[in-house]
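Participant: Here is a sequence with its predicted model. Questions after.
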Amino acid sequence: MSQTDTLQAVLDHADAHMEDSLARLFDLVRIPSVSTVPAHAGDCRAAADWLAGQLAGLGFDASVRPTGGHPMVVAHQTDAPGPHVLFYGHYDVQPVDPLELWDSDPFEPVLRPAPDGDTHIVGRGASDDKGQLLTFVEACRAWVAVTGSLPIKVSMLFEGEEEAGSASLGPFLEETAEELRADIMMVCDTDMWDRHTPAITTMLRGLVGEEFTITTADRDLHSGMFGNAARNALQVVANVLSTLRSADGGVTLPGFYDGVEDLAPEILAQWRRLPFDQVAFLSDVGLSIPAGEAGYSIMEQVWARPSCEIHGVTGGYTDPGFKTVIPARATAKVSFRLVAGQDPLRIREAFRAHVRAHLPADCSVSFTPHGASPALSLPLDSPYLTATRGALSREWGTETALAGTGGSIPIVGEFKRLLGMDTLLVGFARFDNRIHSPNEKYDLSSFTGGVRSFIRVLAALSEIDGPAAR
């Protein structure tokens, strides 16, 4: 049988058994694996056991590994030639509160007709991330059913703490780095561009989070007795914050833009071809004027340019009523989203130096860090990117978008730091999936299209020449 005939046979098998695949998704969603609630620790273990059992049934060497928190699922099937892919997902889910806003039991999934003619799979975790990770598992199932094996080497890592901060992931990766290292990592926890256009997220912004507290007097003061003469901690914080952005939307920290480059022309040209309504993007949230750097489109501002945002300011009297107090302490929380070329630790030090430079001599400041992760960018000449992009385009019948994301996914940085691996972020969710909210859903077309897409991706990756057997 030719490669083309084999691929078609695997696709046909997946289509013929899609109801069985959907039933397995329902079984997994029914397990209330809420990682942040201690009472659900047993359910998290049950979800891990369920996944390990499914993978063992497909011929994987699968095991449930203990951690300081919820267990990891690790599986390998590496007898095939060609490249080695490590697929990552998470089996834990968010709490369901407020329960009264759900239209059905969040852990009893249902199919619900959608206004656009699709069908919604409704249940906690249907999209984030159980439906997403099972698209890859079910693609492997179809390959094994038709050919008895996989076309490339595949390892899988499923964790149970992603929704709780992935506290156990870093130590686990350090312990298992050699076992898990592969040619490329693949993550299915992102969105399509729109319901007809697949996307590969090739750019992730990094993140530096900082909290700083300024102290002026040794106690709060009466504004009538000390007003004008005494420093107001809130005023000092406000003065510092007002110096972080320039009138044209740029960030003023010295050296902040060192290493930042403009987008590659081919990516900028592709972004301009994507269907994106800049006016609607802001008008949907009641705004009309872009606030980022002048001269850059909204898409560039959100995906490809670094930023600074203020998240909260506290100090003084904030309860109901009025109190004429001069606060002696005030706190602000700030973050910086970073792009490729920026060093998060240098940005942190530049910010702290900036605050100290604007601090009156008789005041003091303390800092609390809240994470620092670098930006990541997948090389555009990656053969894995080229193969995956082509496979997705063939399945969906349209050009695959090479997207960025304004958010940060620290775990991808951990895989790069500890395993030295680039990551392909290929997801089939949609922006309206209501993840983390009541009535979370995953479109049936996302599930079926995702299974078929990964069948094609596995075939396309098998045609890559060069990687040494692992």
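Facilitator: Sure thing, it's come through. Numbers count the residues shown, from 1 in each chain.

Participant: Using neighbour counts, pick out the buried residues of stretch 146-156.
Facilitator: Neighbour-count burial for stretch 146-156 flags 146, 150-156 (criterion: 16 or more other CB atoms under 10 Å). In this view, the C-beta of every residue, glycine as well, is placed from N, C-alpha and C.

Participant: Next, format those residues as TSV and append pLDDT.
Facilitator: Listed next are those as TSV, based on pLDDT from 0 to 100:
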residue	pLDDT
146	98
150	98
151	97
152	98
153	98
154	98
155	98
156	98
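
Participant: And these, which is closest to residue 374?
Facilitator: residue 155 (24.4 Å; CB to CB).

Participant: didn't that closest one look like it was pressed against residue 80?
Facilitator: No. In this structure, residue 155 is not within contact of residue 80 by CB atoms under 8 Å, at 11.7 Å.

Participant: Grab the most central residue of the chain for me.
Facilitator: residue 409 (4.2 Å; CA atoms, centre = their mean).

Participant: Next, the contact list for it, please.
Facilitator: Residues near residue 409 by CB atoms under 8 Å, 6 or more residues apart in numbering: 187, 189, 204, 425.

Participant: For the first one, name its beta-bridge partners.
Facilitator: Bridge pairing for residue 187 (DSSP bridges) gives the partners residue 88, residue 425.

Participant: Surely it is in contact with residue 423?
Facilitator: Yes. Using CB under 8 Å, residue 187 is in contact with residue 423, at 5.8 Å.

Participant: Mutual contacts of the two, please.
Facilitator: With CB under 8 Å, 6+ apart, residue 187 and residue 423 have common neighbours residue 412.

Participant: Can you tell me how far the residue sitting furthest away from the middle of the chain is from residue 381?
Facilitator: Distance from the C-alpha centroid of the chain peaks at residue 225, with 51.5 Å (CA atoms, centre = their mean). Shown here: residue 225 relative to residue 381, a distance of 68 Å by CB to CB, to the nearest Å.

Participant: contacting residues for residue 396?
Facilitator: Per CB under 8 Å, 6+ apart, neighbours of residue 396: 196-198, 449, 453.

Participant: Among the residues you listed, which pair sits farthest apart?
Facilitator: Greatest spatial distance among the contacts of residue 396 (CB to CB): 196 and 453, at 13.1 Å.

Participant: Settle it for me: which of the two has more neighbours?
Facilitator: residue 453 (25 against 12; other CB atoms under 10 Å).

Participant: ok so that one is a helix residue?
Facilitator: Yes. The assignment for residue 453 by DSSP: H, G, I helix; E, B strand; the rest coil puts it in a helix.

Participant: Read off the pLDDT value for it.
Facilitator: For residue 453, the model assigns a pLDDT of 98.

Participant: Skipping its backbone neighbours, what lies nearest it in space?
Facilitator: In space, and not counting its chain neighbours, residue 453 is closest to residue 395: 4.8 Å by CB to CB, 6 or more residues apart in numbering.
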